[in-house]
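K.L.:
model this:
(chains A and B)
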Number of protein chains: 2
Amino acid sequence: MNDYEIEFGKILEWLKKNSAKKILVQAPDGLKKILRLISEKLEEEGYEAYLSGSHAWGGCDIAVNEARTMGIDTILHVGHHGFVGARTTEVRVLFVPVYYLGEFNDALVNALEDIKRNSFKKITLGVTVELHRRLHEIENLALKSGFHVETGSLENITGLIIGCNYVSLRDAEAVLIVAGGRFHALGAALWMGRPVWRVDPYLKSYEKVDVRPIISRRLRDISSAMDAHSFLVVVSTKTGQARPVLAQSIKKRLLRENRKADIVVIDEISEDVLLNFGHYDAYVNTACPRLTIDDPDIFPGPVINPGELKYVLGKKLEGYDSRDLFRFDFSIGA
Amino acid sequence: MNDYEIEFGKILEWLKKNSAKKILVQAPDGLKKILRLISEKLEEEGYEAYLSGSHAWGGCDIAVNEARTMGIDTILHVGHHGFVGARTTEVRVLFVPVYYLGEFNDALVNALEDIKRNSFKKITLGVTVELHRRLHEIENLALKSGFHVETGSLENITGLIIGCNYVSLRDAEAVLIVAGGRFHALGAALWMGRPVWRVDPYLKSYEKVDVRPIISRRLRDISSAMDAHSFLVVVSTKTGQARPVLAQSIKKRLLRENRKADIVVIDEISEDVLLNFGHYDAYVNTACPRLTIDDPDIFPGPVINPGELKYVLGKKLEGYDSRDLFRFDFSIGA
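P.N.:
Numbers count the residues shown, from 1 in each chain, chains lettered A, B, ... in the order given. Below you'll find the model as predicted:
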């Protein structure tokens, strides 16, 4: 944990203020190892502490079911910035961000030089929550390199991007994303339709991202779905991913088009689970939009997101807008 | 479905009587393919139907969380005989047994002859729910072969065994189990401490089961747990498997012995999920007792069931009783 910072004092203060007693600590898989240290500290302070085994893919994935089972009053959700998609009223949730303190200056400088070589001068900047405290440092480096930098905000947090929301990015010639892994940068590229560079602070590397394989997969999957007769509409039970009303209206719309459609409800979506239900011509993913982009092969057939359904319903695919990946509205519109 | 029988008329009658509207159909993985046929019939009758993606390992594993997410009033739980471990008050559950109609006479006759060759004359008989309607036929064959047959009951169902309960078996020289797969017969052998033959009606095969590898694994795991310093006590959120109070009292007891213990709460237990939490010297499985018998390797270290904890706490392992696998009490006793 030398490279990370958690504000434990603030946590204790908040728990005391809220008269917490039984606490479930939850974190993404990569951070789960630190939960034991946190629960140990909590027990030293007199709290009952439990570890949550669920994945915690994001602020959408709150261990409400586990808390309910254990009669727990408070969840400490480590590593994400806050609720995504839905709040929960059943149990108190404290989001505990983890801040990355490591060095990644060289990768950043190299990325900025590469952007410059491509003659872009006006950039917009996005970071994930664990890098949020580094935003100023990143911005200053970009300014020093002669860039014009614009940065918006998400839920009042400047420069924050999350896996399914890129509204903090401003219009610019190019986009610079600092985040671990490729996904956030791909999401930014699909949302912005602009050249995107990404810096991975953990691997200390950078690259210009290429969304063409994803767009091509999207067009292929949507085309297949156009011809599909049977659809399986997938709903997840995760707090911020559960969209039962959306799923029902998608099913009704498909039935009106003389297609067959079933709704399946799943906690953790996987190919195994879906294969149990036999063959469907196509899948509609109402859960995490990222699955369709990052992991489409967990669906045993072509998969589309709700915002892409309008192409199946008649909208011209030539005008495909990759922002539809992140939209939950499927009306064809004007 | 030619080999299986479902009483669809009864289902419709029950749904009407209970004014069901939104129905979640749930089944074990091997039967999930028939859920589409059931949901289609339900929709023809004017009900809203949804498929449940969760595994449904037994009558302990009710899709309450999925029902809650979808605002569903009724679960049709296909393939098990009834509630195991706990009822749910949140949603109505109708258990729909599936009855096997296929032929397996030869395998049964061969098994009976093999039992006779071993000079056993008094047997007790156990079947899983999908074979319950065949009990009489099996019993008659055994009587015709000259056996004395004794059969008890579980929840008023004659001869019924389930994965974690064998109380319907009576004292006898040998046990005959008719069930798909090896597990029920292994459970029966561990419970009875008698020679057990099993007939697999689906594979049309029979064998005498051998529990020695399991007993030897149990002794090895318990011995390792005796020396363990850190324990992870595992709780599942499944309706009939969730034992939060038991887990808490196990943890307290271990702390009193100067061991370290954490509690982790998980829906579906897997090695991956447990490995995320780093190393523990041993695991205590408060969820399905069958996991420890059938699938101990999903725990990344030695695993014991709650009833086996007493050996870790000082009871002599030389007197190991394999019935403890199915017990949730860990006091050393008199």
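K.L.:
contacts, neighbours, all on C-alpha from now
P.N.:
OK.
K.L.:
Roughly how far does residue A:116 sit from residue A:176?
P.N.:
According to CA to CA, to the nearest Å, residue A:116 stands 12 Å off from residue A:176.
K.L.:
who's more crowded, the two?
P.N.:
More crowded of residue A:116 and residue A:176, by other CA atoms under 10 Å in any protein chain shown: residue A:176, with 27 against 15.
K.L.:
quick check, the more buried one in a strand?
P.N.:
Yes. Assessed by DSSP: H, G, I helix; E, B strand; the rest coil, residue A:176 belongs to a strand.
K.L.:
In contact with it, which residues?
P.N.:
A:123, A:124, A:125, A:126, A:196, A:197, A:198, A:199 (CA atoms under 8 Å, 6 or more residues apart in numbering or on different chains).
K.L.:
again, 6 Å this time
P.N.:
Applying CA atoms under 6 Å, 6 or more residues apart in numbering or on different chains, we find residue A:176 in contact with A:125, A:196, A:197, A:198.
K.L.:
So which of these wins on neighbours?
P.N.:
residue A:198 (29 neighbours).
K.L.:
Run through the bridge partners of it.
P.N.:
Note on residue A:198: beta-bridge partners by DSSP bridges are residue A:177, residue A:207.
K.L.:
Quick check: it vs residue A:103, distance?
P.N.:
16 Å.
K.L.:
Check residue A:92 too.
P.N.:
In terms of CA to CA, residue A:92 sits 35 Å off from residue A:103.
K.L.:
Also residue A:137?
P.N.:
On the measure of CA to CA, residue A:137 and residue A:103 end up 11 Å apart.
K.L.:
same deal with residue A:260?
P.N.:
53 Å.
K.L.:
So for the two, which residue has more residues nearby?
P.N.:
residue A:260 (17 against 11).
K.L.:
What sits closest to that one if chain neighbours are left out?
P.N.:
Spatial nearest neighbour of residue A:260, excluding adjacent residues (CA to CA, 6 or more residues apart in numbering or on different chains): residue A:230 at 4.5 Å.
K.L.:
What about the one you found, how many residues nearby?
P.N.:
19.
K.L.:
Quick check: it vs chain B, distance?
P.N.:
Remark: distance between residue A:230 and chain B (CA to the nearest CA, to the nearest Å) = 11 Å.
K.L.:
tell me the contacts of residue A:24?
P.N.:
A:49, A:50, A:51, A:75.
K.L.:
In PyMOL, select just the buried ones from the residues you listed.
P.N.:
In PyMOL, a selection of the buried entries from these looks like this (16 or more other CA atoms under 10 Å in any protein chain shown):
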select buried, chain A and resi 49+50+51+75
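K.L.:
when you check the contacts of residue A:24 against the strands, which ones overlap?
P.N.:
Using DSSP state E, the members of the contacts of residue A:24 that fall within strands are A:49, A:50, A:51, A:75.
K.L.:
where's the second one relative to residue B:82, distance?
P.N.:
Noted for residue A:50: a distance of 31 Å to residue B:82, by CA to CA.
K.L.:
Likewise for residue A:111?
P.N.:
According to CA to CA, residue A:111 stands 61 Å off from residue B:82.
K.L.:
cool, residue A:51 as well?
P.N.:
Using CA to CA, we find residue A:51 at a distance of 31 Å from residue B:82.
K.L.:
what do you get for residue A:100?
P.N.:
Counting by CA to CA, the gap from residue A:100 to residue B:82 is 50 Å.
K.L.:
Relative to residue B:262, how far out is residue A:249?
P.N.:
From residue A:249 to residue B:262 the distance is 44 Å (CA to CA).
K.L.:
what does residue A:146 give?
P.N.:
As judged by CA to CA, residue A:146 and residue B:262 stand 53 Å apart.
K.L.:
quick one: which of the two has more around it?
P.N.:
Between residue A:146 and residue B:262, counted using other CA under 10 Å, residue B:262 has the larger neighbour count: 23 against 13.
K.L.:
what sits against the more buried one?
P.N.:
Counting by CA under 6 Å, 6+ apart, residue B:262 has contacts residue B:232.
K.L.:
Buried residues, the helix ranked longest in chain A. List them.
P.N.:
Using DSSP state H to define each element, chain A has its longest helix at helix A:212-226. Residues A:214, A:215, A:217, A:218, A:219, A:221, A:222, A:223, A:224, A:225, A:226 are the ones in helix A:212-226 that count as buried (16+ other CA under 10 Å).
K.L.:
Out of the residues you listed, which comes closest to chain B?
P.N.:
residue A:225 (19.8 Å; CA to the nearest CA).
K.L.:
how much space between that closest one and residue A:276?
P.N.:
The value you get for residue A:225 to residue A:276, if CA to CA is used, is 20 Å.
K.L.:
those strands in the stretch 201-334 of chain A, which residues are they?
P.N.:
Remark: strands assigned in the stretch 201-334 of chain A by DSSP state E, counting those that start in this stretch are A:205-208, A:230-236, A:260-266, A:282-285, A:303-304.
K.L.:
deepest of those, which one?
P.N.:
strand A:303-304 (a mean of 30; mean count of other CA atoms under 10 Å in any protein chain shown).
K.L.:
Isn't residue A:124 up against residue A:151?
P.N.:
Yes. Counting by CA atoms under 6 Å, residue A:124 touches residue A:151, with 5.5 Å between them.
K.L.:
quick one, which of these two is more surrounded?
P.N.:
Shown here are residue A:124 and residue A:151; by other CA under 10 Å, residue A:124 has more neighbours (23 against 18).
K.L.:
how about the residues of the stretch 151-300 of chain A near chain B?
P.N.:
By CA under 6 Å from any CA of the partner chain, the residues of the stretch 151-300 of chain A that approach chain B are A:237, A:244, A:263, A:264, A:265, A:266, A:276, A:277, A:278.
K.L.:
again, 10 Å this time
P.N.:
A:232-239, A:242-245, A:247-248, A:262-270, A:272-279 (CA under 10 Å from any CA of the partner chain).
K.L.:
Please apply the same query to the stretch 1-150 of chain A.
P.N.:
Counting by CA under 10 Å from any CA, the stretch 1-150 of chain A sits next to chain B at A:24-25, A:28-36, A:39-40, A:48-55, A:63-71.
K.L.:
Swap in 7 Å and give it another go.
P.N.:
Proximity of the stretch 1-150 of chain A to chain B, by CA under 7 Å from any CA of the partner chain, involves residues A:29, A:32, A:33, A:50, A:51, A:52, A:53, A:54, A:66, A:69, A:70.
K.L.:
Looking at those, which is nearest residue A:311?
P.N.:
residue A:54 (34.9 Å; CA to CA).
K.L.:
three-state assignment of the closest one?
P.N.:
coil.
K.L.:
Tell me the buried residues in stretch A:67-87?
P.N.:
Buried, per 16+ other CA under 10 Å, within stretch A:67-87: A:67, A:69-70, A:72-87.
K.L.:
Filter those down to the ones in strands?
P.N.:
Among the buried residues of stretch A:67-87, DSSP E puts A:74, A:75, A:76, A:77, A:78 in strands.
K.L.:
hey, C-alpha coordinates of stretch A:90-108 in PDB?
P.N.:
C-alpha atoms of stretch A:90-108 as PDB (Å, rounded to 0.1, in the frame of the first residue of the first chain):
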ATOM      1  CA  GLU A  90     -31.300  -0.200   2.600                       C
ATOM      2  CA  VAL A  91     -27.900   0.400   4.000                       C
ATOM      3  CA  ARG A  92     -25.500   3.300   4.600                       C
ATOM      4  CA  VAL A  93     -22.600   3.400   2.100                       C
ATOM      5  CA  LEU A  94     -19.400   5.300   2.600                       C
ATOM      6  CA  PHE A  95     -17.300   5.600  -0.500                       C
ATOM      7  CA  VAL A  96     -13.600   5.500   0.300                       C
ATOM      8  CA  PRO A  97     -11.400   6.600  -2.600                       C
ATOM      9  CA  VAL A  98      -7.900   5.300  -2.800                       C
ATOM     10  CA  TYR A  99      -5.400   7.700  -4.200                       C
ATOM     11  CA  TYR A 100      -2.400   6.700  -6.200                       C
ATOM     12  CA  LEU A 101       0.900   8.300  -5.200                       C
ATOM     13  CA  GLY A 102       3.400   6.600  -7.600                       C
ATOM     14  CA  GLU A 103       5.600   8.200 -10.300                       C
ATOM     15  CA  PHE A 104       4.500   8.300 -13.900                       C
ATOM     16  CA  ASN A 105       6.000  11.600 -15.200                       C
ATOM     17  CA  ASP A 106       8.000  10.200 -18.000                       C
ATOM     18  CA  ALA A 107       5.100   8.300 -19.600                       C
ATOM     19  CA  LEU A 108       3.000  11.500 -19.400                       C
END
